[in-house]
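# sequence unavailable; structure follows:
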């Protein structure tokens, strides 16, 4: 069984594995409050009390004061957070306790809530990320496709499936890292992991007959029992008729790998099912090279900073050639990413890159953009 942060249904560390996947991680837990919840505020001094009362009054939020000095706000926690987050200084936010009351307000529930109070700043910080919960619950994730070009003939070898979301209420497009950060803050990483995989496969489906591969990112800290993890992926691939052989699971944030042995187990399991693997943002240091030797992925993506610096720095250029040689000796295909200029293309091809990715060829889009500037590769075709 894999670890799961949903500990309110089963004992900590135990998941509900089923024939389809994980019954707990399939479900996005609701917010720890509802429409009828109330927010109790406990100012720690008279100045903070006066400031909070003034802001609540100015925002037309009804509240009740109690003899203990506490303030019960007669509005939803979301409404209170919206009112207070921009009008209270950080000092005041830390000078006020806050606790949600989900039960009927009585003397007993007030006392219990007062005992559970944490700084209001913690509550407001959490509320900043609550937008991601309905995103996961209502399946508002989608993928942007970013082409990966072959240096052999300029053709599109693959698409990286870049995670995006539409923010509820505004339809603002949110990038991958804010989504990941919000899920980490709310302990929803496993739910995101499942939905992101399904989303990528669903968005890849219209292009499944093009013989291209689809790179799907995942974070090392969300991996778990590979048999349980892959059930959801296999079910989605079957549903959308996407061949598992066309998928490449791409590890990002390699610096956060804590359990190399377990990660190798996961990658080996994926390979046994015909799925390829890749490592993203690979640097030129000793640790990065050891990752290549330990993980032995099918593909490696070289960190963009190395490519940029190699254009003007011969020492970095030598390091780039060194990393590429080691990768090739291990039978690993090399992808250079983040390319924006013809000079960067030249450096990458000279170093022996198999594939290139970057705004120079196309920007992420759905449907994918037509690649441009591939004619700059023609002088290298024979060499490749």
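Received the coordinates, thanks. Keep in mind that what you see is a predicted model, and the values were worked out from it rather than measured.

# burial of residue 41, as a residue count?
As a burial measure, residue 41 scores 24 neighbours (other C-beta atoms under 10 Å). To be clear about C-beta, it is placed using only N, CA and C from the backbone, and glycine gets the same treatment.

# so it, which state does it fall into?
Secondary structure state of residue 41, per DSSP: H, G, I helix; E, B strand; the rest coil, is strand.

# what's the separation between it and residue 54?
Look at residue 41 and residue 54: by C-beta to C-beta, to the nearest Å, they are 13 Å apart.

# show me the helices in the stretch 51-200 of the chain, by range?
Ranges of helices within the stretch 51-200 of the chain are 77-84, 90-94, 107-115, 120-127, 132-137, 176-185, 189-204, based on DSSP state H, counting those that start in this stretch.

# CSV for those, including mean neighbour count, mean pLDDT and distance to residue 153?
Shown next, in CSV, are those (neighbours: other C-beta atoms under 10 Å; pLDDT from 0 to 100; distance: least, C-beta to C-beta, whole Å):
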stretch, mean neighbour count, mean pLDDT, distance to residue 153
helix 77-84, 20, 87, 54
helix 90-94, 15, 92, 56
helix 107-115, 14, 88, 67
helix 120-127, 19, 92, 51
helix 132-137, 20, 94, 39
helix 176-185, 18, 92, 30
helix 189-204, 23, 91, 22
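
# so after the worst-scoring helix or strand of the chain on mean pLDDT, what's the next helix or strand?
Sorting the helices and strands of the chain by mean pLDDT, DSSP states H and E puts helix 286-295 at the bottom, at a mean of 77. Scanning forward in sequence from helix 286-295 by DSSP states H and E, the next helix or strand is strand 299-302.

# report the buried residues of that next one.
Applying a neighbour-count criterion of 16 or more other C-beta atoms under 10 Å, one finds 299-302 buried in strand 299-302.

# so what are the sheet partners of that strand and their directions?
Strand 299-302 pairs in its sheet with strand 276-282 (parallel), strand 333-336 (parallel), by DSSP bridges.

# can you tell me which of those strands is nearest to residue 144?
Residue 144 lies closest, by C-beta to C-beta, to one member of these: strand 276-282, at 16.1 Å.

# now the closest one: mean pLDDT?
Strand 276-282 carries an average pLDDT of 88.

# again with stretch 231-247
Average pLDDT, stretch 231-247: 90.

# contacts for it, please.
Applying C-beta atoms under 8 Å, 6 or more residues apart in numbering, the external contacts of stretch 231-247 come out as 19-22, 26, 194, 197-198, 201-202, 204-205, 208, 211-214, 216, 273-276.

# can you turn the buried subset of those residues into a selection I can paste into ChimeraX?
Buried members of the contacts of stretch 231-247, defined by 16+ other C-beta under 10 Å, are picked up in ChimeraX with:
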select :21,22,194,197,198,201,202,204,205,208,212,213,214,216,275,276
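
# list the buried residues for the least confident helix or strand of the chain?
288-289, 291-292, 295.

# report the angle between that helix and strand 276-282.
Helix 286-295 runs at 180 degrees relative to strand 276-282, counting by axes from the mean of the first three to the mean of the last three C-alpha atoms, to 10 degrees.

# and helix 286-295, what other elements does it pack with?
Other helices and strands packing on helix 286-295, by 3 or more C-beta pairs under 8 Å, 6 or more residues apart in numbering; DSSP states H and E, are helix 260-272, strand 276-282, helix 314-329.

# which helices and strands sit right next to the last one?
Looking back up the chat, that one is helix 314-329. Using 3+ C-beta pairs under 8 Å, 6+ apart, helix 314-329 sits against helix 286-295, strand 299-302, helix 304-310, strand 333-336, helix 342-351.

# make it 7 Å
helix 286-295, strand 299-302, helix 304-310, helix 342-351 (3 or more C-beta pairs under 7 Å, 6 or more residues apart in numbering; DSSP states H and E).

# per-domain residue ranges of this structure.
Using automatic domain parsing, the domain parsing of the chain gives 38-127, 133-380.

# just so I know, which of the ones you listed lies nearest residue 30?
Between the domains of the chain, domain 133-380 lies closest to residue 30; by C-beta to C-beta that is 7.7 Å.

# picking up where we left off before, Throw the helices and strands packed on helix 286-295 into CSV and include distance to residue 349, thanks.
Listed next are the helices and strands packed on helix 286-295 as CSV, based on distance: least, C-beta to C-beta, whole Å:
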stretch, distance to residue 349
helix 260-272, 28
strand 276-282, 18
helix 314-329, 11
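
# deepest in the core, which of those is it.
Comparing the helices and strands packed on helix 286-295 by mean neighbour count (mean count of other C-beta atoms under 10 Å), strand 276-282 ranks first with a mean of 23.

# what sits against residue 334?
Residue 334 is in contact with 300, 302, 324, 327, 352-354, counting by C-beta atoms under 7 Å, 6 or more residues apart in numbering.

# got any ranges where this protein has weak pLDDT?
Scanning the chain with the threshold set as pLDDT under 70 gives 1-25, 67, 220-224, 229-230, 253-256, 284-287, 382-384.

# distance to residue 378 added to the strands paired with strand 299-302, as TSV?
Below are these laid out as TSV (distance: least, C-beta to C-beta, whole Å):
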stretch	distance to residue 378
strand 276-282	27
strand 333-336	18
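
# I'd like to know which of these lies nearest to residue 59.
Closest approach to residue 59 among the strands paired with strand 299-302 is made by strand 276-282 (44.1 Å; C-beta to C-beta).

# can you list contacts of the closest one?
Strand 276-282 has contacts (C-beta under 7 Å, 6+ apart) with 215, 248-252, 254, 267, 270-271, 288, 291, 295, 297-303.

# if we go to 8 Å?
Outside of strand 276-282, the residues within contact range by C-beta under 8 Å, 6+ apart are 213, 215, 217, 245, 247-254, 267, 270-271, 288, 291-292, 295, 297-304, 323, 335.

# can you tell me the closest non-neighbouring residue to residue 103?
Closest residue in space to residue 103, ignoring its immediate chain neighbours: residue 109 at 5.0 Å, by C-beta to C-beta, 6 or more residues apart in numbering.
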